[in-house]
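> I'd like to go over a predicted model; first the sequence, then the structure.
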Amino acid sequence: MADAASRLRSVAEQVLGAPLPVRLRAWDGSEAGPPGAPTLVVRNRRALRRMLFKPGELGLARAWVAGDLDIEDDLYGALAVMSGLIWERPEDGRTLAQALRDPAVRAAVRELLRLAGPPVPPAPPREEVRRRSHLHTRRSDRQAISHHYDVGNDFYQLVLGPSMVYSCAYWEEDGTLETAQRDKLELVCAKLGLSPGQRLLDVGCGWGSMAIHAAREHGVSVVGVTLSQEQAAFARKRVADEGLTDRVEIRVQDYRDVRDGPYDAISSIGMAEHVGAERYLEYAENLYGLLKPGGRLLNHQIARRPQRDESAYDVDEFIDAYVFPDGELAPVGSTVTQLERAGFEVRDVESIREHYARTLRRWVANLEADWPRAVRLTSPGRARVWRLYMAASALAFEHNRIGVNQVLAVRTPDSGASGLPLRTRTWNS
């Protein structure tokens, strides 16, 4: 099949209604597109069948995870120029159904069918999770957490580095990932006002980094809860190695089943994204009930931009199928509202969006630097999932498509005394 790349490019531009901003290299060795642009490699015709049988982002994701599609050299550059076609299309932009009313587009699709070969739908990659209803039962949440986190602690160590902190670091202009993650943990402790003898509940404790830091550096007793068996086993070993078993308890437990309050403080770092909109008020009320009067909550959570029609929001297909099953993002205003409805007084909201972009780029660099080992520790498909989602997320944070916020809230007692200083931050002019 001669010059498949030129034919593909023509078809793509007809369907998209816009010039293709990347160069194409097809399975027959042909190339087409702007010289010097990032190169999208279509390794086989199966990639086309994936996109025909599942048009849109999920078809592209399946082709990427399976290795049918690849990006040569500049992953960030390719994602940046393609974002306008995939992630940033206007809400009132042309839908596929509308595009297919155009005879030229229908002709282009027929050409794509000829290029794609036998009309047999390829099986989804084995890394894909079948979509479920977003009910967020205890069982479904355990399954979702296991899919994302129980993929091997060695793999996460490769990506995250020695800190084993899987959330946004807090950067100086210069510094290492380890220093920035330590500074983030210390920032959380400072906002919570931790002091010796207090009890801290760390919801979604991951591999134990926050619990260990708070106990070691601030003398508090910590209960950390996670739904991941692998995380808990790793965290317990770290706690023992630090000699902190008398002050840190790691449980495999749903936050809804914690009954041994009250706590002086609660940290929830990168966990609330798993809760879901339908369950968020329940989440907030549970944490409120676990705090003593005057106790503080630090909720560290990724946020999306609000939509004009919030009822039209749906989870990202790639993220839902391959990364965070049943995960949902909410605008920061919705989060604050739900915390207040639960009874909290919200005292501070700090956006650290740029910090997450830098963190993700460091994680991608770690993954790429040891790629053969990453593949051995998981699978080629899963390693490709992590590389794509982290790189695309870094760009999303940089371009303000998503953000991340630390929300400090207090269970203010009847006296009205919040216990916070008059000035909680120092600003540079």
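Received the coordinates, thanks.

> show the pLDDT at residue 150.
The model reports residue 150 with a pLDDT of 58.

> scratch that, residue 67 is what I was asking about
pLDDT, residue 67: 96.

> what helix or strand is the residue nearest to residue 38 when sequence neighbours are not counted on?
Of all residues not flanking residue 38 in the chain, residue 78 sits nearest, at 3.5 Å (C-beta to C-beta, 6 or more residues apart in numbering). Heads up, the C-betas are built off the backbone N, CA and C, glycines and all. Under the criterion of DSSP states H and E, residue 78 resides in helix 75-86.

> report the contact partners of residue 383.
367, 371, 374-375 (C-beta atoms under 8 Å, 6 or more residues apart in numbering).

> 6 Å - rerun?
Listed by C-beta atoms under 6 Å, 6 or more residues apart in numbering, the contact set of residue 383 reads 374-375.

> the helix or strand it falls within relative to helix 75-86, how many degrees between them?
Taking DSSP H and E as the definition, residue 383 sits inside helix 380-398. For helix 380-398 against helix 75-86, the angle by axes from the mean of the first three to the mean of the last three C-alpha atoms, to 10 degrees is 70 degrees.

> returning to that earlier point: buried ones in the helix holding residue 78?
75-83, 85 (16 or more other C-beta atoms under 10 Å).

> save these as a markdown table, and put in distance to residue 209 too.
As requested, the buried residues of helix 75-86 are arranged in a markdown table below (distance: C-beta to C-beta, whole Å):
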| residue | distance to residue 209 |
| --- | --- |
| 75 | 28 |
| 76 | 28 |
| 77 | 33 |
| 78 | 33 |
| 79 | 29 |
| 80 | 32 |
| 81 | 36 |
| 82 | 35 |
| 83 | 32 |
| 85 | 38 |
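
> what is the subsequent helix or strand relative to the helix holding residue 383?
Following helix 380-398 toward the C-terminus (DSSP H and E): strand 402-410.

> count the neighbours of residue 216 for me.
By other C-beta atoms under 10 Å, 16 other residues sit near residue 216.

> and the nearest residue to residue 247 once chain neighbours are set aside, backbone torsions?
Using C-beta to C-beta, 6+ apart and skipping residues adjacent in sequence, the residue nearest residue 247 is residue 215, 4.4 Å away. In terms of degrees, to the nearest 10, the main-chain angles of residue 215 are phi -70, psi -40.

> where's residue 215 relative to residue 221, distance?
Using C-beta to C-beta, to the nearest Å, residue 215 is found at 7 Å from residue 221.

> give me the common contacts of these two.
residue 247.

> the two: who's more crowded?
Neighbours of residue 215 and residue 221, each counted by other C-beta under 10 Å, are more numerous for residue 215; the result is 22 against 19.

> let me see the contact set for that one.
Counted by C-beta under 6 Å, 6+ apart, residue 215 has contacts 222, 244, 247-248.

> what's the distance between residue 358 and residue 210?
Distance, residue 358 to residue 210, using C-beta to C-beta: 20 Å.

> so those two - more neighbours on which side?
The residue with more neighbours, out of residue 358 and residue 210, is residue 210; 28 against 18, by other C-beta under 10 Å.

> so what's the more buried one up against?
185, 202, 267.

> which SS state does the first one fall under?
Recorded secondary structure, residue 185: helix (DSSP: H, G, I helix; E, B strand; the rest coil).

> touching, it and residue 211? I think so.
No. With contact defined as C-beta atoms under 6 Å, residue 185 does not reach residue 211; the gap is 9.8 Å.

> of those two, which one has the most company?
Taking neighbours as other C-beta under 10 Å, residue 185 and residue 211 compare with residue 211 leading, 31 against 23.

> mind exporting the helix or strand hosting that one as CSV, just the C-alpha atoms?
Assigned by DSSP H and E, residue 211 belongs to helix 209-218. Extracted as CSV, the C-alpha positions of helix 209-218 are listed here (Å, rounded to 0.1, in the frame of the first residue of the first chain):
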residue,chain,number,x,y,z
SER,A,209,5.4,9.0,53.9
MET,A,210,3.1,11.5,55.6
ALA,A,211,2.5,9.3,58.6
ILE,A,212,6.3,8.7,59.1
HIS,A,213,7.2,12.4,58.6
ALA,A,214,4.5,13.6,61.0
ALA,A,215,5.4,11.1,63.7
ARG,A,216,9.2,11.5,63.4
GLU,A,217,9.4,15.3,63.0
HIS,A,218,6.4,16.4,65.1
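
> what is the helix holding residue 78 packed up against?
helix 380-398 (3 or more C-beta pairs under 6 Å, 6 or more residues apart in numbering; DSSP states H and E).

> I'd like the average pLDDT over the helix it packs on.
pLDDT averaged over helix 380-398 gives 95.

> now stretch 160-178
On average, stretch 160-178 scores 95.

> what does it contact?
By C-beta under 6 Å, 6+ apart, stretch 160-178 touches 180-181, 183-184, 187, 206-207, 209, 269-270, 352, 355-356, 358-359, 362, 404.

> got the buried residues for the longest strand belonging to the chain?
What stands out as the longest strand in the chain, according to DSSP state E, is strand 291-304. In terms of neighbour count (16+ other C-beta under 10 Å), strand 291-304 has its buried residues at 291, 294-304.

> show residues contacting the following helix or strand past that strand.
Going down the chain from strand 291-304, the next helix or strand is helix 317-318, by DSSP H and E. The contact list for helix 317-318 (C-beta under 6 Å, 6+ apart) reads 57-58, 61.

> can you give me the strands for this structure?
Along the chain, counting by DSSP E, strands occupy 23-25, 31-32, 39-42, 69-72, 199-203, 221-226, 248-252, 263-269, 291-304, 345-351, 402-410.

> reformat those as TSV; add distance to residue 113.
Formatted as TSV, the strands of the chain follow (distance: least, C-beta to C-beta, whole Å):
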stretch	distance to residue 113
strand 23-25	18
strand 31-32	19
strand 39-42	15
strand 69-72	18
strand 199-203	50
strand 221-226	47
strand 248-252	49
strand 263-269	48
strand 291-304	35
strand 345-351	47
strand 402-410	36
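
> between these, which one is closest to residue 329.
The minimum distance between residue 329 and the strands of the chain falls on strand 291-304, with 4.0 Å, by C-beta to C-beta.

> quick check: mean pLDDT of the closest one?
98.

> now stretch 36-44
Here the average pLDDT along stretch 36-44 is 94.

> now that stretch: buried residues?
Under 16+ other C-beta under 10 Å, the buried positions of stretch 36-44 are 37-42.

> got a list of what residue 280 touches?
residue 338.

> so what pLDDT did it get?
95.
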